[in-house]
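K.L.:
what shape does this take:
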Amino acid sequence: MNEIESLLDSAYELADDKAKFINELRQLISQKYSPRGSQPVDLVRWVPIDEVQANDYNPNSVAPHEMRLLHTSISADGYTQPVVTVWDPDISKYVIVDGFHRYTTMRLNKDIYDRNEGLLPVVVMDKDPNERRAATIRHNRARGKHSVAGMSSIVFEMLNNGATDAEVCNNLGLEAEELLRLKYITGFAKLFEAREYNRAWETERQIAVKLKYEETHPDEQAKP
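P.N.:
Numbers count the residues shown, from 1 in each chain. Model (predicted):
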């Protein structure tokens, strides 16, 4: 046993909260010594599941069969991916950006809960509300899983919070035509129809698609 290991053993034995001690040690290594400390995955923390909360905007959904498979996977292999979160100081909880079903698996299954002593592996991102939603969409789209309804809701919120069309497309990985369709599904385009609408970012192709879409999908245009 080398000197560093001996010192760590002594400090660990003196710690009243072993999990907290390990989290703080990992945080020190990541922030002070790791050349990749800026990457969320460089610091995986085990936190009480009661300190983790689902978000209210995730458009991803998983069938019961897939949830059973996820339980089997975690039972057999343990947690191989942490839950992605942001820390919300207003509620003093970690809010999920990605990994709701990994969280739910522990929440609903006593065997998973007991095996991990109620501690969930998380990484923490520093994101504002719009960035959180964008990060959730990017995670879902990278796996090919998201619902149109949930996606539309997030697009509406981002636009309503002041994001431009270009910012929404760049952050969510959308094509202009995809954004246009989602704007009409939510009624966002109709909402601003009577106001001066900035089309500086709209391309000629997008405007042409918009006109064609209005002609072929009159029922999807929200009423004022």
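
K.L.:
hang on, residue 40 packs against residue 122?
P.N.:
No. Assessed by Cβ atoms under 8 Å, residue 40 is found out of contact with residue 122, at 9.3 Å. Using the backbone N, CA and C atoms, a C-beta is placed for each residue, glycine as well.

K.L.:
common neighbours of those two, please.
P.N.:
Contact criterion Cβ atoms under 8 Å, 6 or more residues apart in numbering; residues bridging residue 40 and residue 122 by contacting each: residue 84.

K.L.:
which of these two has more neighbours?
P.N.:
Legend: neighbour count by other Cβ atoms under 10 Å for residue 40 and residue 122, higher for residue 122 (26 against 18).

K.L.:
specify the beta-bridge partners of the more buried one.
P.N.:
With DSSP bridges as the criterion, residue 122 is bridged to residue 45, residue 83.

K.L.:
mind checking how far it is from residue 90?
P.N.:
Taking Cβ to Cβ, to the nearest Å as the measure, residue 122 falls 18 Å from residue 90.

K.L.:
mind jotting down where the strands sit in the protein?
P.N.:
With strands called from DSSP state E, the chain shows them at 45-48, 52-53, 83-88, 93-98, 119-125.

K.L.:
so which of these is nearest residue 173?
P.N.:
Among the strands of the chain, the nearest to residue 173 by Cβ to Cβ is strand 93-98 (14.5 Å).

K.L.:
for this structure, name the helix or strand with the lowest mean pLDDT.
P.N.:
Within the chain, no helix or strand scores below helix 188-191, which has a mean of 51 by mean pLDDT, DSSP states H and E.

K.L.:
who are the contact partners of the residue nearest to the spatial centre of the chain?
P.N.:
Per Cα atoms, centre = their mean, the C-alpha nearest to the average position across the chain is that of residue 97, at 2.1 Å. Contacts for residue 97 (Cβ under 8 Å, 6+ apart) come out as 55, 84-86, 125, 127, 132, 135-136, 139.
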